[in-house]
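S.K.: Here's a sequence, model it:
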Amino acid sequence: MQPRFAPFPAARPRRLRQAPWVRDLVRETVLTPADLIWPMFVIDGVNGEEPIPSMPGVSRLTVDRIVEQARRAADLGIPCVALFPYTDPAKKTPGAEEAWNPDNLVNTATRAIKQAVPNMGVLLDVALDPYNSDGHDGIVRDGVILNDETLAALEKQAIAQAEAGCDIQGPSDMMDGRVGVIRAAMEARGFQDVMIMSYAVKYASAYYGPFRDAVGASGALKGDKKTYQMDPANTDEALREAAMDLEEGADMIMVKPGMPYLDVCRRVKDAFGAPTYAYQVSGEYAMIEGAIRAGWLDGDKVVLETLMAFKRAGCDGILTYHAARAAELLAIK
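M.R.: Numbering: from 1, shown residues only. Here you go, the predicted structure:
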């Protein structure tokens, strides 16, 4: 039964909007720095920075600079960073063996962060595209992305990442059964406390282009990813994917991209009640940042409004390249 409200003038909704203190008092949704995960890109070298043209304001950073940013994140109240590598093309192979090199860029950066900022959470992707000479998330043979052969590679990658000290495994590959394989590997090797935030609902989206530039996968990619990433037209399928991953041992669910799929965020959260996250992906960031830099949008306001939309849609947190900016703004509100 729908609640009934008094008619005007007994009811005046503007009473609850008349001053900042009362707007704060009745606000339904709250955004804090603790809701944010900050994605970062790692390159080889020392004290280096490479701006990413398609992501204005975002750079690839060497491990020492990544550690500096992790300290900044901690100071801002951001609880977790996500690391992605820009792998030397010479190290990319059809078998993606660099993915489980204990000294690859993300594993090295994880150890450095854990030594310098022990209480900072570290999320690492489990997928082969930064290491695969074909640019795909799985192993390719004769143009076909092989599911079960890829699972064996992802298992080795996840083990190496756990040994490096990562707190959260983020399977983003969309191979069937990968969460179960990773969970079993963590349990068997004494990493039972390592969490899995599954990219359970990852769409074959046109919004990923700048990210592929950032990790150096754009030029390598042959074909598209539609045989394993989801059709943007489907939402019932999203619930099936999330259900499977939760049954296989995922602790948290992610929807990717974010803003174009707020309806999916809400459906997933309502259906399962599990911790649910959205990735405000590179294309979303690039559009917003481009409009801000052109003077078309008020940057501070639109960044917070956009992130609030994720919370309102049921998300428990957001991966966003605007994490530091948002945290600074929230500190002075």
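
S.K.: Contacts for the lowest-mean-pLDDT helix or strand in the chain next, please.
M.R.: Between all helices and strands in the chain, the lowest mean by mean pLDDT, DSSP states H and E belongs to helix 209-215, at a mean of 89. With C-beta atoms under 8 Å, 6 or more residues apart in numbering as the test, helix 209-215 has contacts from 41, 52-55, 58, 60, 84-87, 129-130, 135, 218, 221, 281-283, 285-286. For glycine as for every other residue, the C-beta is placed from the backbone atoms N, C-alpha and C.

S.K.: For A200, give me its contacts.
M.R.: 179, 238, 241-242, 244-246, 250, 253-255, 268.

S.K.: Please tabulate the residues you listed in CSV, including the columns neighbour count, distance to I66 and secondary structure.
M.R.: Output for the contacts of A200, formatted as CSV (neighbours: other C-beta atoms under 10 Å; distance: C-beta to C-beta, whole Å; DSSP: H, G, I helix; E, B strand; the rest coil):
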residue, neighbour count, distance to I66, secondary structure
V179, 25, 27, helix
A238, 23, 32, helix
E241, 21, 31, helix
A242, 25, 31, helix
M244, 16, 33, helix
D245, 28, 28, helix
L246, 20, 31, helix
A250, 25, 26, coil
I253, 29, 27, strand
M254, 30, 22, strand
V255, 29, 26, strand
V268, 30, 31, helix
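
S.K.: As CSV, these with distance to C315 and pLDDT would be great.
M.R.: Formatted as CSV, these follow (distance: C-beta to C-beta, whole Å; pLDDT from 0 to 100):
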residue, distance to C315, pLDDT
V179, 20, 98
A238, 14, 97
E241, 17, 97
A242, 13, 98
M244, 20, 97
D245, 17, 98
L246, 16, 98
A250, 16, 98
I253, 10, 97
M254, 9, 97
V255, 8, 98
V268, 9, 98
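
S.K.: mind listing the strands for the chain?
M.R.: 36-42, 49-51, 59-61, 80-85, 121-126, 139-141, 144-146, 168-171, 195-202, 252-256, 276-279, 317-319 (DSSP state E).

S.K.: so where is the stretch 1-150 of the chain shaky, pLDDT-wise?
M.R.: 1 (pLDDT under 70).

S.K.: how about 80 then?
M.R.: Applying pLDDT under 80 to the stretch 1-150 of the chain picks out residues 1-3.

S.K.: again, but for the stretch 151-300 of the chain
M.R.: Scanning the stretch 151-300 of the chain with the threshold set as pLDDT under 80 gives 217-222.

S.K.: that older thread, kindly indicate which of the contacts of A200 lies nearest A324.
M.R.: M254 (20.4 Å; C-beta to C-beta).

S.K.: Look up the closest residue to A323, ignoring the ones flanking it.
M.R.: Excluding the flanking residues, the one nearest A323 by C-beta to C-beta, 6 or more residues apart in numbering is W38, at 3.7 Å.

S.K.: burial measure for the one you found, as a count.
M.R.: 26 (other C-beta atoms under 10 Å).

S.K.: how close does it sit to R325?
M.R.: 10 Å (C-beta to C-beta, to the nearest Å).
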